[in-house]
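K.L.:
Sequence and predicted structure, then a few things I'm wondering about:
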Amino acid sequence: MSKNKDKTNVMRFLDQKKIDYIPYQYETDGSLTGIDVALKLNKNMNSVFKTLVTVGKSNQNYVFVIPVDRELDLKKAAEASEEKSIRMIPSRELLVLTGYIHGGCSPLCMKKKFKTFIDEEANNHESITFSAGKIGYQVEIKIENLKKILNFKFFQLT
């Protein structure tokens, strides 16, 4: 995947920041779940993460990055973000808010910077895999490298 046209904005950003990553590209009609992606990449489901965008009672947006085989606990998300309550944003609002579509949302390179929380499960892995910002593309990044380019907090979210 050395051709630049095969790179997503996330991959170009990682290249620019000189962050090592492993790119993955796979065929999909867009109907794959996160679990399907983990299976397709032959990865442990606990090390493949999905990016969820929410809105708090205060109307602030938050990003939660959790393993693909788990569900976000909205009470824990509210606790992490110090909000009274949290809800998922509707899919139709995702593109305008983040620049990403459902199924291709990455915690990196969003239109705006949002407070980001990564599930503590990530601490059990040297690296995690998540969307490279386009359906059919993923990147695997060491946690220590992710800390260099993304401001986030670990929290028990599931």
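P.N.:
Right, received. Where do you want to start? Predicted model only: the values in this text are computed from it and were never measured. Numbering: from 1, shown residues only.

K.L.:
what's the distance between the residue nearest in space to the middle of the chain and residue 80?
P.N.:
Nearest to the geometric centre of the chain sits residue 51, at 3.3 Å (CA atoms, centre = their mean). When distance is defined by CB to CB, to the nearest Å, residue 51 is 15 Å away from residue 80. Using the backbone N, CA and C atoms, a C-beta is placed for each residue, glycine as well.

K.L.:
And residue 94, by the same measure?
P.N.:
Using CB to CB, residue 94 is found at 20 Å from residue 80.

K.L.:
cool, residue 145 as well?
P.N.:
Counting by CB to CB, the gap from residue 145 to residue 80 is 23 Å.

K.L.:
Of those two, which one has the most company?
P.N.:
Neighbour count, other CB atoms under 10 Å: between residue 145 and residue 80, residue 80 has more, with 20 against 16.

K.L.:
State the pLDDT value of that one.
P.N.:
What the model reports for residue 80 is a pLDDT of 98.

K.L.:
Which of the three states applies to it?
P.N.:
Under DSSP: H, G, I helix; E, B strand; the rest coil, residue 80 falls in the helix class.

K.L.:
isn't it right up against residue 152?
P.N.:
No. At 10.5 Å, residue 80 does not count as touching residue 152 under the criterion of CB atoms under 8 Å.

K.L.:
okay, and the common contacts of these two?
P.N.:
residue 117 (CB atoms under 8 Å, 6 or more residues apart in numbering).

K.L.:
Tell me how many other residues crowd residue 74.
P.N.:
Residues near residue 74, counting by other CB under 10 Å: 16.

K.L.:
thinking it is in contact with residue 87, fair?
P.N.:
Yes. Using CB under 8 Å, residue 74 makes contact with residue 87 at a distance of 7.0 Å.

K.L.:
shared neighbours of these two, anything?
P.N.:
Common neighbours of residue 74 and residue 87 (CB under 8 Å, 6+ apart) are residue 54.
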